[in-house]
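Visitor: this is the structure alone, sequence omitted:
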């Protein structure tokens with residue numbers, strides 16, 4: 001029951017191979033960064049990884065910077081939820097097997113008196 005279009009291993013590998021975070025948005029007028037525009041930087045030297053020519057809004061810079069930590073967190077959450085789903089499905093399967101086995105014993109329904117009483 002895994003979505004074939006969502007390759008968590010590939011997503012996680014891309015996130016792992018990216019420059020370590022944290023990344024931060026730098027918006028002209030809100031920092032000491034020289035030059036107008038929007039930037040995303042990382043590391044202690046504030047290396048620029050994107051500039052205003054590739055972003056249309058301040059929100060784009062914030063989104064790109066947050067993705068560095070958001071993507072690994074989302075991958076971990078999807079894995080956790082899939083594990084919960086798989087455990088719940090296993091319990092349902094086990095319960096159904098138990099019910100199927102017990103039906104052959106013709107257990108009486110609660111509240112129904114067996115014939116002859």
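Guide: Nice, thanks for sending it over. Quick caveat: nothing in here was measured; it's all calculated off a predicted structure.
Visitor: so which residues of the chain form helices?
Guide: Here the chain has its helices, by DSSP state H, at 8-17, 58-103.
Visitor: number of nearby residues for residue 91?
Guide: Residue 91 has 10 neighbours, counted by other CB atoms under 10 Å. Where you see a C-beta, it was placed from the backbone N, CA and C, and this is true even at glycine.
Visitor: worst mean pLDDT across the helices and strands of this protein, which element?
Guide: When each helix and strand of the chain is scored by mean pLDDT, DSSP states H and E, strand 47-50 comes last, with a mean of 60.
Visitor: quick one on the thing from earlier: out of the helices of the chain, flag the one nearest residue 24.
Guide: Between residue 24 and the helices of the chain, the tightest spacing by CB to CB is seen for helix 58-103, at 5.3 Å.
Visitor: helices and strands around that closest one, which ones?
Guide: Helix 58-103 sits against helix 8-17, strand 23-27, strand 38-42, with contacts defined as 3 or more CB pairs under 8 Å, 6 or more residues apart in numbering; DSSP states H and E.
Visitor: which of the ones you listed sits most buried?
Guide: Among the helices and strands packed on helix 58-103, ranked by average contacts under mean count of other CB atoms under 10 Å, first place goes to strand 38-42 (a mean of 22).
Visitor: pLDDT on it, on average?
Guide: Mean pLDDT, strand 38-42: 65.
Visitor: got it, and stretch 73-82?
Guide: Mean per-residue pLDDT for stretch 73-82: 95.
Visitor: go through it and flag the buried ones.
Guide: Within stretch 73-82, the residues that count as buried by 16 or more other CB atoms under 10 Å are 75, 78.
Visitor: swap in stretch 59-69?
Guide: The neighbour-count check on stretch 59-69 (16+ other CB under 10 Å) flags 60-62, 64-68 as buried.
Visitor: what of stretch 94-104?
Guide: Per 16+ other CB under 10 Å, stretch 94-104 contains no buried residues.
Visitor: sorry, back to before: and the helices of the chain: which comes nearest residue 26?
Guide: Checking the helices of the chain against residue 26 by CB to CB gives helix 58-103 as the closest, at 7.2 Å.
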